[in-house]
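Colleague: Sequence and predicted model, in that order:
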Amino acid sequence: MKYDYSNNLMLDNITSTQIENMTYVEFISFIRETNRCPGGKNTIRKILQNTFINSASKVLELGSNTGFTSLEIARVAKCHVVGIDVVESAVIESCRELSNDVPDIQKLVKFEVGSALNIPYPDNTFDLVVVGGATSFIENKQQALEEYYRVLRPWGFLSVTNLYYHEVPPETVVQNVSAIIGIKIESWNAEQWLELFNTNTLFETYLFEKHRLNPQSSERISEYVEYFLKKDHLCSLPTDVKNTIRRRWRQTIDVFNENHKYLGFMLTIFRKRALPEEPELF
Ligand SMILES: C[S@@+](CC[C@H](N)C(=O)[O-])C[C@H]1O[C@@H](n2cnc3c(N)ncnc32)[C@H](O)[C@@H]1O
C-alpha cells in the first residue's frame, strides 16, 4: 500500500489494520518521526568538523530515512547532499521535509530511492559518505562496504555512526528489537564493528569514539508518544486508529528502551587512502 504523504490523501481513510501492517520504516515515516542518528546534531557537527567539509564538498548519506541528517549537513556546511534510502515512503517523507525548508537548502539537497548495495553513482564521486544505522539493516555488509568505498573520492571520508552493545544483551532483547525493525540484528560490540571495516583494509581509521546511551523513564516515554498523537496530520484521525498508533509506538519505544540498557554508539570516521602509509611506531 502506498501513502500520499505530500497531501495526506490516504490519511482520512487509513485503518488500524493498515497501520499494523506497515513495516517499521513505513510506520516512522507515517508518524513523521525526526529519525536522528545517535547523538543527533552533536554527532553531525563532529562529523563535519572532523572531515573538513566545506561548501564545495559533495556528500552522500546512505539510509537517509526521513531526511534529518542530510538536511542538517546542508544547513551547516552549505554543501550539496544526496540522501538515499531503500524505503520509498521514507524518501517521500524526506522530500516533504525538504519542500518545507528555505529555497537555499532546497537547491542543495536531493533525496532518492536507492540501495547502499548498488549505489546509483559513479566511482570516486563523493568527499564524504555518511552512514547512520543503515549498515545494521544490511545483511551483506561486505558488499555495502565495497560500495561505500567505490563512490568515495581518494582521500575522502566515510563516517559510520553505529549502535553497539557494551554488555552482552539477553537473547530476548535482541529478538524483540529484530522483530520490531524486521531485520535480524547482530549483537556486536564496538570492536567487532571496527573489525568489519579494518579487516577489509580498504579504509584507514581516522577517528573512533564510543559513547554510552541511557534508558528513559516511563513518564518521559509517555509524554513523547503523546506528542506524536498531537501532530496536525494525526490528531484528527478516528480514535481507534489513534489508539493503534499509540499502542504500536509505545511498544516500539519500550523495546528500544530496554535495549538501551546494553547499548552505546560509536562515532567512527574512516578515510579512503590513495597511497599506503609507513607503519607508525610510537
Ligand atoms: C536506523 S535508520 C537510519 C536513521 C538515521 N539516518 C541515522 O543516521 O541513524 C536505517 C535506514 O536505513 C535504511 N536502509 C536499510 N537498508 C538499506 C539499503 N540497502 N540501502 C539504503 N538504505 C537502507 C532503512 O530504510 C532506514 O531508513
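Modeller: All right, it came through fine.

Colleague: CA atoms for contacts and neighbours, from now on please.
Modeller: Noted.

Colleague: What's the separation between the closest residue to the ligand within the stretch 151-282 of the chain and residue 38?
Modeller: Using CA to the nearest ligand atom, the closest approach of the stretch 151-282 of the chain to the ligand is made by residue 161 at 6.9 Å. Separation of residue 161 from residue 38 (CA to CA, to the nearest Å) stands at 7 Å.

Colleague: Spit out the residues that contact the two alike.
Modeller: Jointly contacting residue 161 and residue 38 under the rule CA atoms under 8 Å, 6 or more residues apart in numbering are 132, 265.

Colleague: Comparing the two, which residue is more hemmed in?
Modeller: residue 161 (26 against 20; other CA atoms under 10 Å).

Colleague: Just list the residues touching that one, thanks.
Modeller: By CA under 8 Å, 6+ apart, the neighbours of residue 161 are 37-38, 131-133, 265-268.

Colleague: export these to JSON lines and tack on pLDDT?
Modeller: Shown next, in JSON lines, are the contacts of residue 161 (pLDDT from 0 to 100):
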{"residue": "37", "pLDDT": "93"}
{"residue": "38", "pLDDT": "92"}
{"residue": "131", "pLDDT": "97"}
{"residue": "132", "pLDDT": "93"}
{"residue": "133", "pLDDT": "89"}
{"residue": "265", "pLDDT": "97"}
{"residue": "266", "pLDDT": "96"}
{"residue": "267", "pLDDT": "97"}
{"residue": "268", "pLDDT": "97"}
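
Colleague: quick one, phi/psi of the residue of the stretch 151-282 of the chain closest to the ligand?
Modeller: Here is the backbone geometry of residue 161 (degrees, to the nearest 10): phi -110, psi 100.

Colleague: Retrieve the pLDDT associated with it.
Modeller: The model reports residue 161 with a pLDDT of 95.

Colleague: give me the beta-bridge partners of it?
Modeller: Beta-bridge pairing for residue 161 (DSSP bridges): residue 267.

Colleague: So what sits opposite residue 272 in the bridge?
Modeller: residue 203.

Colleague: Give me the distance between it and residue 70.
Modeller: On the measure of CA to CA, residue 272 and residue 70 end up 21 Å apart.

Colleague: More neighbours: which of the two?
Modeller: Each of residue 272 and residue 70 has its neighbours counted (other CA under 10 Å); residue 70 has more, 28 against 23.

Colleague: Which of the helices or strands spans that one?
Modeller: Assigned by DSSP states H and E, residue 70 falls within helix 68-77.

Colleague: same question, residue 225
Modeller: helix 218-229.

Colleague: Tell me the helices and strands packed up against that helix.
Modeller: For helix 218-229, the elements it packs on are helix 239-259, judged by 3 or more CA pairs under 8 Å, 6 or more residues apart in numbering; DSSP states H and E.

Colleague: wait, does the helix it packs on make contact with the ligand?
Modeller: No - using CA under 6 Å from any ligand atom, helix 239-259 never reaches the ligand; the gap is at least 11.9 Å.

Colleague: quick one on the thing from earlier: just the residues contacting the helix or strand just after the helix holding residue 70, thanks.
Modeller: For helix 68-77, the succeeding helix or strand toward the C-terminus, using DSSP H and E, is strand 80-85. With contacts defined as CA under 8 Å, 6+ apart, strand 80-85 is touched by 55-65, 67, 70-71, 73-74, 91, 108-116.
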